[in-house]
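> quick one, fold the following:
(one chain, ligands or ions: 1)
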Amino acid sequence: MTTAVMAVPLLATPVAALAGSLEQRSVSFVHTHTGEQLTTTYFRAGQYDTSSIARVNYLLRDFRCGEVATMDVGLLDILYDLKVLADRDSTFEVISGFRSPATNARLRSKSGGVAEKSLHMEGKAIDIRLTGFSTKKLQQLAMSLQRGGVGFYSSSNFVHVDTGRVRYW
Ligand SMILES: [Zn+2]
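Numbering: from 1, shown residues only. Alright, predicted model coming up:
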């Protein structure tokens, strides 16, 4: 009994501190087309940080026309979890984030791999690599999350993840 009573005050502080630190979620990006880089803590103390997310939204804008969209924060959480599962604090190389309908249509006319109703147009999809990590393994980790669509593009060496229905290609 004495041991149990004493264990509570001894454990209280470290456990609370650990829980607090776990609530910080950071991601790093480098955009392969613009060269822009960003490392930001988009979630802290139990909430999403709007100014951090605004910077993410800007980096993930349609760089072809400059249009900035509101990205789905669920997508950031997928990236964060992928980083944790990959067990490395690496940078996501962004191939494509938000796409305006005009950009999507133009890309679609050039490539068979672009969907007509792409979730990129809703800010719910991103095409990425994780620096220093196998893209094939990244695809497998993304599929293991079961939180949305995952596409593997071996010739261009990137993985598409989105917050839509769970489906793989
Ligand atoms: Zn995509």
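> wait, what's in contact with the residue in the chain that the ion sits nearest to?
Proximity of the chain to the ion (Cβ to the ion) peaks at His160, 3.3 Å away. The way it works is simple: take the backbone N, C-alpha and C, and place the C-beta from them, glycine included. His160 is in contact with Ala125, Ile126, Asp127, Ile128, Gly149, Val150, Gly151, Phe152, Tyr153, counting by Cβ atoms under 8 Å, 6 or more residues apart in numbering.
> for the ion, what are the nearby residues on the protein?
Ala125, Asp127, His160 (Cβ under 5 Å from the ion).
> what bridges to the second one?
Going back to what we said before, that points to Asp127. In this entry, Asp127 is beta-bridged to Ser96, His160, by DSSP bridges.
> now do the SS call for Arg165.
coil (DSSP: H, G, I helix; E, B strand; the rest coil).
> leaving out the residues flanking it, which one is nearest to Ile128?
Phe92 (4.8 Å; Cβ to Cβ, 6 or more residues apart in numbering).
> CSV for the residues of the chain next to the ion, including pLDDT?
Converted to CSV, the residues of the chain next to the ion look like this (pLDDT from 0 to 100):
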residue, pLDDT
Ala125, 98
Asp127, 98
His160, 98
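> want to throw these into TSV with distance to Gly113?
Shown next, in TSV, are the residues of the chain next to the ion (distance: Cβ to Cβ, whole Å):
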residue	distance to Gly113
Ala125	13
Asp127	10
His160	9
